[in-house]
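> Predicted model and sequence below, questions to follow.
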Amino acid sequence: MRPLIEFCTNNMHFDTDVVMEKLESNPDYDVIEYGCLTNCGQCYLMPFAMVDGEIVTAESADELLEAIMAKIKEADAWDELDLD
């Protein structure tokens, strides 16, 4: 299953737009940008995104990319277990 990664335009002041652009270049991911993800407290405090409906946060945009990739890898591992 292709991961769905969602970004909030109001969170772009943390350079999450750079992360979004990197992920958009991968055809295996569905990347969507919304005007608001209704996580205003999170949005104001730190970089974040949603991966398959779960919030992923980090201290910096670079760390957010790493956290998103780790979340995708974790989901892939669960998908592999479900097939057995």
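On my side now, so go ahead.

> Now the residue nearest in space to the middle of the chain: which helix or strand?
Among the residues of the chain, the one closest to the centroid is residue 49, at 3.8 Å (C-alpha atoms, centre = their mean). Here residue 49, judged by DSSP states H and E, is contained in strand 48-51.

> ok, that strand: who's next to it in the sheet?
The strands beside strand 48-51 in its sheet (DSSP bridges) come out as strand 4-8 (antiparallel), strand 54-57 (antiparallel).

> Adding mean pLDDT, mean neighbour count and distance to residue 30, write these out as a markdown table.
C-beta: built from backbone N, CA, C; applies to glycine. Shown next, in a markdown table, are the strands paired with strand 48-51 (pLDDT from 0 to 100; neighbours: other C-beta atoms under 10 Å; distance: least, C-beta to C-beta, whole Å):
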| stretch | mean pLDDT | mean neighbour count | distance to residue 30 |
| --- | --- | --- | --- |
| strand 4-8 | 97 | 19 | 5 |
| strand 54-57 | 96 | 14 | 15 |
